[in-house]
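S.K.: Build me a model:
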Amino acid sequence: MSAETLAEKLISKNHMGINIASVTIGVGILTFPRSLAKATGAFDGWISVVISGLCACLVGWLLAKLAARFPRQSFFEYSSIIASKPIAYILTFLVCIYTMLFVSFEIRAIGNIAKQYLFYNTPVEMITLSFLLIVQYSVIGSRIAMLRLNLLFLPVVLVVMFVVLLFTTQLFDIQNVRPFFSSDWRSLLEGSRVVGLSYSGFEIILFYTMLMKKPQEGAKAVTLGLSIPILLYMTIYMFAIGVFSAEVATNLTYPTIELAKEVEIPGGFFERVESVFFTIWIMTIFNTCAMWLDITVLNLSSMFNKVRKTFWVLILSPMIYFVAMLPQNLVDFFTFADNITYFGMILVYLCPILLLLIAVIRGVKGHE
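M.R.: Sure thing, here's the model as predicted:
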């Protein structure tokens, strides 16, 4: 393969940042104002957004440094170098379980929300299955082409979000946000923990750094990618409290969608803005699911390199669908989501940081 052809198949720092922003802005952004308002009980929750965002940037920076030490090697390959092959097999297999669970959560979320706001009479099982089939088709194709979809979809999502917030400014009540700075530090830390669950996704830097033109710029890509969700989360939370108040926001299942329902565009051109908003939002959740499933396939292929990608996609999809259908109600669903995130914090945050520490102590590096 020529250097020119290889360069065309690699992605830039800015592109990686957009991928990280896209995978982070998933289902969590639709629900986090409720959890954050419940934890802080005040407008001050934006401080928790900043604190957890800075923590996510720090962890992401460490993960990027680990991947950059082994610029053209997969997670399984550099884990083998650092901690031996048996440990690498176990760790990579657990990562595959984590990413599969995340796909299950995302497609079930699509099923739940689409049934509530768009397809009232369609069974959630059919909505979820249809979405999974589309994700399958995306992952079986070119990996770089799939990642480049984020360049197309994310700006559209951000523009729609900006329009929604613009038209809700007239509903913003300053009395809903007073008094300022009324939360104690314990509430703010609890809020940081809660909203921190919505930052999951930046760990893709562990697996996609090998596709970057300049892997050493991975840390900058993480900072760029997380800055977009931090600003967006702050703005959405401020508007959710300003429009609904903290007391009301704690009782809304999807406060961000409810915010879109409050929009009234002059002239009555759109009467159900939340349907348009959610339809557009499906694009970023689609990219999120596609990347998580692709990472699962990427890790399995690195362990068993003689098995084709199509085989893995077809084998994994029934298992993903079965797990997605396990939660029987919203309480089970949100408990399922929290358990996945806590599992991920240990597996893809703590373990890679330990691997980085071992690699630094041993002086282990990869090759270009």
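
S.K.: what's the single longest helix in the chain?
M.R.: Counting residues, the longest helix found in the chain (DSSP state H) is helix 85-117.

S.K.: Quick check on I11: phi, psi?
M.R.: In terms of degrees, to the nearest 10, the main-chain angles of I11 are phi -110, psi 150.

S.K.: Surely it is in contact with K213?
M.R.: Yes: I11 is within contact range of K213, at 6.9 Å (criterion: CB atoms under 8 Å). Every residue, glycine included, has its C-beta placed from N, CA and C.

S.K.: So which of those two has more stuff around it?
M.R.: More crowded of I11 and K213, by other CB atoms under 10 Å: I11, with 21 against 14.

S.K.: which residues touch the more buried one?
M.R.: Going by CB atoms under 8 Å, 6 or more residues apart in numbering, I11 touches N19, I144, L147, R148, Y208, L211, M212, K213.

S.K.: In helices only, show me those residues.
M.R.: N19, I144, L147, R148, Y208.

S.K.: F102: neighbour count?
M.R.: F102: 27 neighbours (other CB under 10 Å).

S.K.: So it versus S84, what's the distance?
M.R.: Shown here: F102 relative to S84, a distance of 27 Å by CB to CB, to the nearest Å.

S.K.: Same check on Q175?
M.R.: Following CB to CB, the distance that separates Q175 from S84 is 61 Å.

S.K.: just the buried members of the contacts of I11?
M.R.: N19, L147, Y208, L211, M212 (16 or more other CB atoms under 10 Å).

S.K.: Find the nearest non-adjacent residue to T122, please.
M.R.: The shortest distance from T122 to any non-neighbouring residue, by CB to CB, 6 or more residues apart in numbering, is to K115 (6.4 Å).

S.K.: tell me the contacts of the one you found?
M.R.: Contacts of K115 by CB under 8 Å, 6+ apart are T122, P123, V124, I127.

S.K.: Write a PyMOL command that selects only the buried members of those residues.
M.R.: Buried members of the contacts of K115, defined by 16+ other CB under 10 Å, are picked up in PyMOL with:
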select buried, resi 124+127
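
S.K.: what's the closest of the contacts of K115 to G191?
M.R.: Nearest to G191, judged by CB to CB, of those is V124 at 30.6 Å.

S.K.: In stretch 116-125, which residues are buried?
M.R.: Quick answer for stretch 116-125 (16+ other CB under 10 Å): Y117, V124.

S.K.: I241 against F43, yeah?
M.R.: Yes: the pair I241 and F43 qualifies as a contact (CB under 8 Å) at a distance of 5.0 Å.

S.K.: Pick out whichever of the two has more residues nearby.
M.R.: Using other CB under 10 Å as the criterion, I241 and F43 rank with I241 on top: 27 against 23.

S.K.: before we move on, the earlier item: list just the nearest of the contacts of K115 to T235.
M.R.: Taking the contacts of K115 together and measuring to T235 by CB to CB, the closest member is I127, at 29.4 Å.

S.K.: pLDDT at F162, what is it?
M.R.: We have a pLDDT of 84 for F162.

S.K.: where's it relative to T235, distance?
M.R.: Counting by CB to CB, the gap from F162 to T235 is 9 Å.

S.K.: So which of those two has more stuff around it?
M.R.: T235 (15 against 12).

S.K.: Let me know the distance separating the more buried one from E77.
M.R.: 40 Å.

S.K.: For the stretch 51-200 of the chain, which segments count as helices?
M.R.: 75-83, 85-117, 124-140, 143-168, 185-196 (DSSP state H, counting those that start in this stretch).
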